[in-house]
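Asks: Pasting a predicted model and its sequence here:
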Amino acid sequence: LPSQHSVVRNALFCLETAANEEENHVYTKALMAYAFALAGKEEKRRALLGSLEKEAVKKDGSVHWQRPGKEPAVDLPYHRYRAPSAEVEMTAYVLLAHLTTQPAPSQEELSFASLIAKWISGQQNPNGGFSSTQVSCSPPG
């Protein structure tokens with residue numbers, strides 16, 4: 001639907017109202033940043049990304065986001081920690097929000113995005129996939 005469509009305008013109004021709330025969860029901010037990027041709302045996108053950057057975990061030359069109050073991950077010998085799927089997902093939404101902008105992302109944004117991509121790629125399982133937040137169902141026996 002075009003951004004002028006009443007449904008889209010109403011949805012963006014709801015998102016803009018929610019974005020002004022003080023206590024948004026990091027996952028919510030990540031989703032809203034990407035939604036505003038898709039809608040071309042550059043000022044809102046930048047504001048949310050700025051807020052998210054303050055909450056970023058910067059470690060080992062990479063950047064990611066985790067749930068508030070979560071204990072820091074510990075890498076054990078012979079076992080590499082993989083983040084819960086929700087953290088991979090929200091970090092991926094932040095990456096998408098950085099890369100979905102008009103005009104094209106700045107060199108600074110691309111450099112920061114590469115740090116996010118580095119962390120995400122480190123979360124891949126041995127088969128090249130990721131754990132999922134989606135519930136999968138198997139057909140009955």
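Replies: It's in. Numbers count the residues shown, from 1 in each chain.

Asks: roughly how far apart are residue 92 and residue 35?
Replies: To residue 35, residue 92 is 14 Å away according to C-beta to C-beta, to the nearest Å. The C-beta positions use only the backbone N, C-alpha and C, and glycine is treated the same way.

Asks: One more: residue 53?
Replies: From residue 53 over to residue 35 the distance is 18 Å, taken as C-beta to C-beta.

Asks: Between those two, which is the more surrounded one?
Replies: Remark: of residue 53 and residue 35, residue 35 carries more neighbours, 20 against 14, as counted by other C-beta atoms under 10 Å.

Asks: Please, which helix or strand holds the residue lying closest to that one once chain neighbours are set aside?
Replies: Computed as C-beta to C-beta, 6 or more residues apart in numbering, the closest residue to residue 35 that is not its neighbour in sequence is residue 15, at 5.8 Å. According to DSSP states H and E, residue 15 maps onto helix 6-19.

Asks: For that helix, what does the pLDDT average out to?
Replies: Per-residue pLDDT values over helix 6-19 give a mean of 85.

Asks: List the buried residues in whatever helix or strand comes next after it.
Replies: Beyond helix 6-19 in the direction of the C-terminus, DSSP H and E gives the next helix or strand as helix 26-39. Buried residues in helix 26-39, counted by 16 or more other C-beta atoms under 10 Å: 26-37, 39.

Asks: out of these, which one sits closest to residue 5?
Replies: Of all the buried residues of helix 26-39, residue 5 sits closest to residue 39, with 11.5 Å by C-beta to C-beta.

Asks: how about the closest one, what does it touch?
Replies: The contact partners of residue 39, by C-beta atoms under 8 Å, 6 or more residues apart in numbering, come to 3, 8, 12.

Asks: could you pull out the strands for the chain?
Replies: Counting by DSSP state E, the chain has these strands, from start to end: 57-59, 62-64.
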